[in-house]
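Participant: here is my input, please return the structure:
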Amino acid sequence: MLSRATRIASASLLSAAVVLAAVSTAEAGRRHHRHHGHGWETGAAIVGGLAAGALIGSALSAPRYPAPVYVAPPPPPVYHYRPAPRVYYQQPAPVHYRPAPWSPAWYQYCSSRYRSFDPRTGYFRSYSGRYVFCQ
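Facilitator: Presented below is the predicted three-dimensional model:
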């Protein structure tokens, strides 16, 4: 970013260069007789210089706006909630679908379910050949 003094100096040099270019093209010299004095080159140089001066002048006179400042919004409010009350549930009573081992109902259940059941040991022979306790 250039400082203000540097911008003004460069604008002055540019406008001086445009004016000097217009003056040098305005001089006819020996070619004066060939063009019969129309002079459109001088007018074009003046119009170009005025346009360049208008552009530079508007750039230098533009207002300087400060950079926007970000203001953070306030933090959201903090809500403190009471902890939820603890609820204690009673454990349900176990449900048994099979009779307790070594009872008459157990003997009846295992003998009817497994053909290889041995009532003396409480084991039966599985399909894999292992002996498994009847439950």
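Participant: so for Tyr123, what's the nearest residue that isn't a sequence neighbour?
Facilitator: Tyr131 (4.4 Å; CB to CB, 6 or more residues apart in numbering). The way it works is simple: take the backbone N, C-alpha and C, and place the C-beta from them, glycine included.
Participant: contact partners for the one you found?
Facilitator: 121, 123-125 (CB atoms under 8 Å, 6 or more residues apart in numbering).
Participant: helices and strands of this structure: which one bottoms out on pLDDT?
Facilitator: helix 32-35 (a mean of 56; mean pLDDT, DSSP states H and E).
Participant: now do the helix or strand just after that helix: which elements does it pack against?
Facilitator: With elements assigned by DSSP states H and E, the helix or strand that comes after helix 32-35 is helix 40-60. Helix 40-60 makes packing contacts with helix 4-26 when contacts are defined by 3 or more CB pairs under 8 Å, 6 or more residues apart in numbering; DSSP states H and E.
Participant: let me know the average pLDDT across the helix it packs on.
Facilitator: Averaged over helix 4-26, pLDDT sits at 70.
Participant: do the same with stretch 108-124
Facilitator: 94.
Participant: then it to PDB, C-alphas only?
Facilitator: The C-alpha coordinates for stretch 108-124 follow below in PDB (Å, rounded to 0.1, in the frame of the first residue of the first chain):
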ATOM      1  CA  GLN A 108     -39.100 -86.600  34.200                       C
ATOM      2  CA  TYR A 109     -38.000 -83.600  32.000                       C
ATOM      3  CA  CYS A 110     -34.500 -84.900  31.100                       C
ATOM      4  CA  SER A 111     -35.700 -88.500  30.500                       C
ATOM      5  CA  SER A 112     -38.400 -87.300  28.100                       C
ATOM      6  CA  ARG A 113     -36.200 -84.800  26.300                       C
ATOM      7  CA  TYR A 114     -32.900 -86.900  25.900                       C
ATOM      8  CA  ARG A 115     -33.000 -90.600  25.100                       C
ATOM      9  CA  SER A 116     -29.400 -91.000  26.300                       C
ATOM     10  CA  PHE A 117     -30.100 -89.500  29.700                       C
ATOM     11  CA  ASP A 118     -28.500 -91.300  32.700                       C
ATOM     12  CA  PRO A 119     -30.500 -90.600  35.900                       C
ATOM     13  CA  ARG A 120     -27.600 -91.800  38.100                       C
ATOM     14  CA  THR A 121     -25.200 -89.100  36.800                       C
ATOM     15  CA  GLY A 122     -27.500 -86.500  35.400                       C
ATOM     16  CA  TYR A 123     -25.700 -86.500  32.100                       C
ATOM     17  CA  PHE A 124     -26.800 -87.200  28.600                       C
END
